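Participant: Give me a 3D structure for the following:
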Amino acid sequence: MSTMAQSESLSASPLVRPAVNPWLIAFTVMLATFMEVLDTSIATVALPHIAGSLSAGVDESTWVLTSYLVSNAIVLPLTGWFSRMFGRKSFYMSCVLIFIVSSLLCGVATSLPLLVFFRIVQGAGGGGLQPVSQAILVESFPRAKQGMAMAVYGMGVVVAPIVGPTLGGWITDNYSWRWIFLINIPVGLLSLFLTSTLIHDPPHVARNENGKKVRIDYIGLGLLSVGLGFLQVVLDKGQRDDWFGSNFIVWCTLVCGVSLVGAVLWELRQKEPVVELHLFKDRNYATATLLMFLLGVVLYGSTVLLPVLLQTLVGYTAQLSGLVLSPGAMVTLISLPIVGWLLTRVQPRWLVISGLVVLSTGMFQLAYINLTTGYWTFVTLWMISRGGLGFLFVPINVAAFSFVPKERMNNATGLINLARNIGGSVGISLVTTIQARLAQKHQADLVSHMTPLNPRYLADLHGLTAMLQEKGSSAADAAQQAGALLYGELQRQAAMLSFIDVFWILGVICLMMIPCMFLVKTAPPHNEGDNLPMH
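Facilitator: Here you go, the predicted model:
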């Protein structure tokens with residue numbers, strides 16, 4: 001009888017329904033979000049052009065990326081709090097407007113300090129777009145179709161970082177680096193117009209709900225901002241500054257650790273915390289957040305690793321290496337809606353496990369490449385690895401929100417997006433550091449074979465010396481040039497071996513994620529029209 005009463009009460013309660021077709025809402029919120037995520041990677045290939053144009057060093061120009069990531073990471077977990085304070089629609093439109101204006105200012109910046117400052121503002125404005133758009137999508141679609149909602153979201157946040165370097169290289173080569181920022185303006189204006197027309201706040205996210213004033217937790221806000229900001233600086237600058245060999249990195253790490261630990265302890269004791277850490281009591285949400293962090297490590301780490309390999313060892317241009325990655329992005333794009341459809345028929349856990357197997361297979365296959373591997377082999381192996389991403393991103397998000405109440409959705413989306421972004425930063429730092437260290441190790445191992453006691457080395461050295469003499473070099477010059485050429489080849493082979501090792505490590509990380517899926521609880525049955533989180 002209690003079950004029947006509960007069912008009647010649930011059916012009698014008003015369901016939050018969008019006033020328009022949910023697919024129009026999906027298109028609206030993903031416009032600006034796609035551009036925001038795109039801006040995390042589109043500027044990577046333009047750094048030398050930016051440095052030359054603004055009379056700065058290439059090393060200094062990396063702050064164009066770091067500043068954006070730092071401010072982005074600070075805002076991400078605060079979106080639920082900002083939505084409660086200002087109302088979700090007002091906050092979202094403010095973020096879009098800040099993103100538009102700062103993109104214009106980035107495009108017309110006349111010095112590097114100005115560009116870095118405008119990128120900080122742009123990252124702060126863009127930080128609220130990902131979680132708010134995800135929360136709107138989750139609530140706009142009935143639960144039975146939330147797999148498709150997450151597929152739409154995945155098209156933005158998974159595909160955008162992959163196509164970013166390719167698009168950025170093409171724009172920079174054919175127009176100017178300034179247009180990688182200016183193209184955001186028309187897209188942002190269209191998003192702003194559609195948002196004001198189509199999107200409305202449901203009662204549970206309206207500003208000052210029930211007339212209650214939202215208290216500002218200044219201490220929590222400050223600790224979290226400082227901790228996340230310094231964390232991003234450490235991850236971005238660590239390898240370049242030799243990690244703890246640099247006093248700057250040591251102090252940044254100390255400040256980051258103290259601030260984040262203090263933030264956790266403080267937030268757990270607050271009645272109205274800036275970040276709702278109690279969400280991690282939900283086993284599904286905690287597991288999905290961990291998986292999203294590890295997925296960020298593999299996604300961003302591999303996306304950075306392959307272009308560097310192609311450009312430094314195989315001799316590809318930035319645009320050609322981007323073309324290697326583009327077909328993989330198309331595979332991911334095609335797989336996302338298929339996975340959204342499969343979610344109505346298959347448990348998320350089996351889709352995620354399938355995706356991890358495919359992704360790890362792609363990583364392990366990339367570990368068999370060499371310096372003579374052809375273009376289409378790279379394309380094929382990359383497409384295999386990206387084919388698994390669609391089977392990961394959508395089901396993980398669906399599992400994460402299976403038991404999250406709608407009132408806490410804004411907080412939940414902010415934290416899980418933060419986990420993916422921090423995972424991406426960790427992944428980039430991890431692969432660059434391990435690759436550099438392993439290259440040194442392999443070089444030390446290989447150089448032991450370049451000795452007069454090795455007949456193979458002597459044969460190659462004499463053969464190369466004779467060839468150079470035939471081309472006009474003196475005997476002394478030919479011998480010196482032959483030794484330099486062989487040592488250069490040794491460095492290339494050592495670097496290739498280090499790239500291979502890193503691909504193996506990424507493949508192992510994928511396999512290590514599989515047991516986590518057995519911690520995920522199966523979502524309760526849902527009706528086609530049900531749009532409320534079930535408990």
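Participant: What are the buried residues along whatever helix or strand Val297 lives in?
Facilitator: Under the criterion of DSSP states H and E, Val297 resides in helix 283-309. Within helix 283-309, the residues scored as buried using 16 or more other CB atoms under 10 Å are 284-285, 287-307, 309. Where C-beta positions appear, they are placed from N, C-alpha and C, glycine not excepted.
Participant: Can you name the next helix or strand after that helix?
Facilitator: Per DSSP H and E, the helix or strand that comes after helix 283-309 is helix 318-342.
Participant: low-confidence ranges in the stretch 151-300 of the chain?
Facilitator: For the stretch 151-300 of the chain, residues meeting the criterion pLDDT under 70 lie at 162, 202-216.
Participant: can you give me the helices for it?
Facilitator: For the stretch 151-300 of the chain, helices defined by DSSP state H, counting those that start in this stretch occupy the ranges 159-174, 179-182, 184-198, 218-237, 247-267, 283-309.
Participant: now for the longest one, which elements pack on it?
Facilitator: Using 3 or more CB pairs under 8 Å, 6 or more residues apart in numbering; DSSP states H and E as the contact test, the elements touching helix 283-309 are helix 159-174, helix 318-342, helix 348-366, helix 375-387, helix 390-400, helix 409-447, helix 475-513.
Participant: go with 7 Å
Facilitator: Counting by 3 or more CB pairs under 7 Å, 6 or more residues apart in numbering; DSSP states H and E, the packing neighbours recorded for helix 283-309 are helix 159-174, helix 318-342, helix 390-400, helix 409-447, helix 475-513.
Participant: Kindly report the same for the fourth one.
Facilitator: Under the contact criterion of 3+ CB pairs under 7 Å, 6+ apart, the helices and strands touching helix 218-237 comprise helix 63-75, helix 247-267, helix 409-447.
Participant: Now it: buried residues?
Facilitator: 220-221, 223-237.
Participant: Mind pulling up the pLDDT for Pro348?
Facilitator: Pro348 carries a pLDDT value of 82.
Participant: ok, it - contacts?
Facilitator: Going by CB atoms under 7 Å, 6 or more residues apart in numbering, Pro348 touches 395, 398-399.
Participant: need the residues you listed in a markdown table with pLDDT, neighbour count and distance to Arg178, can you?
Facilitator: Shown next, in a markdown table, are the contacts of Pro348 (pLDDT from 0 to 100; neighbours: other CB atoms under 10 Å; distance: CB to CB, whole Å):
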| residue | pLDDT | neighbour count | distance to Arg178 |
| --- | --- | --- | --- |
| Pro395 | 85 | 30 | 40 |
| Val398 | 80 | 25 | 40 |
| Ala399 | 81 | 25 | 42 |
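Participant: Let me have these in a markdown table, extended by distance to Leu343.
Facilitator: Formatted as a markdown table, these follow (distance: CB to CB, whole Å):
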| residue | distance to Leu343 |
| --- | --- |
| Pro395 | 6 |
| Val398 | 6 |
| Ala399 | 10 |
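Participant: Which residues belonging to stretch 80-96 are considered buried?
Facilitator: For stretch 80-96, burial by neighbour count (16+ other CB under 10 Å) applies to 80-89, 91-93, 95-96.
Participant: residues in contact with that stretch?
Facilitator: For stretch 80-96, using CB under 7 Å, 6+ apart, the contacting residues are 32, 125-126, 128-129, 132, 188, 191-192, 195-196, 199-201, 205-207, 214, 274, 276, 410-411, 414.
Participant: Name only those of those residues that count as buried.
Facilitator: Among the contacts of stretch 80-96, those scoring as buried are 32, 125-126, 128-129, 132, 188, 191-192, 195, 199, 201, 205-206, 274, 276, 410-411, 414 (criterion: 16+ other CB under 10 Å).
Participant: just to revisit the earlier point, can you tell me which of the contacts of Pro348 is closest to Leu468?
Facilitator: For these, the residue nearest Leu468 by CB to CB is Pro395; the value is 58.6 Å.
Participant: excluding its backbone neighbours, what's nearest the closest one?
Facilitator: Distances taken as CB to CB, 6 or more residues apart in numbering place Pro348 nearest to Pro395, at 3.5 Å, with adjacent residues excluded.
Participant: what about the stretch 301-450 of the chain, any weak spots by pLDDT?
Facilitator: 318.
Participant: Please report how far the residue nearest to Leu342 when sequence neighbours are not counted lies from Lys471.
Facilitator: Distances taken as CB to CB, 6+ apart put Leu351 closest to Leu342, at 6.2 Å, once the chain neighbours are dropped. Distance, Leu351 to Lys471, using CB to CB, to the nearest Å: 59 Å.
Participant: out of those two, which sits in the busier spot?
Facilitator: Leu351 (24 against 8; other CB atoms under 10 Å).
Participant: hmm, back to that, need the helices and strands packed on helix 283-309 in TSV (columns: distance to Thr28).
Facilitator: Below are the helices and strands packed on helix 283-309 laid out as TSV (distance: least, CB to CB, whole Å):
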stretch	distance to Thr28
helix 159-174	17
helix 318-342	18
helix 390-400	19
helix 409-447	17
helix 475-513	33
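Participant: Go through the ones you listed and pick out the most buried.
Facilitator: Among the helices and strands packed on helix 283-309, ranked by average contacts under mean count of other CB atoms under 10 Å, first place goes to helix 390-400 (a mean of 28).
Participant: what angle do that helix and helix 348-366 make?
Facilitator: With axes from the mean of the first three to the mean of the last three CA atoms, to 10 degrees defining the directions, helix 390-400 sits at 150 degrees from helix 348-366.
Participant: And helix 390-400, what does it pack against?
Facilitator: Other helices and strands packing on helix 390-400, by 3+ CB pairs under 7 Å, 6+ apart, are helix 146-157, helix 283-309, helix 318-342, helix 348-366.
Participant: residues touching Ile74, list them.
Facilitator: Residues counted as contacts of Ile74 (CB under 7 Å, 6+ apart) are 127, 225, 228-229.
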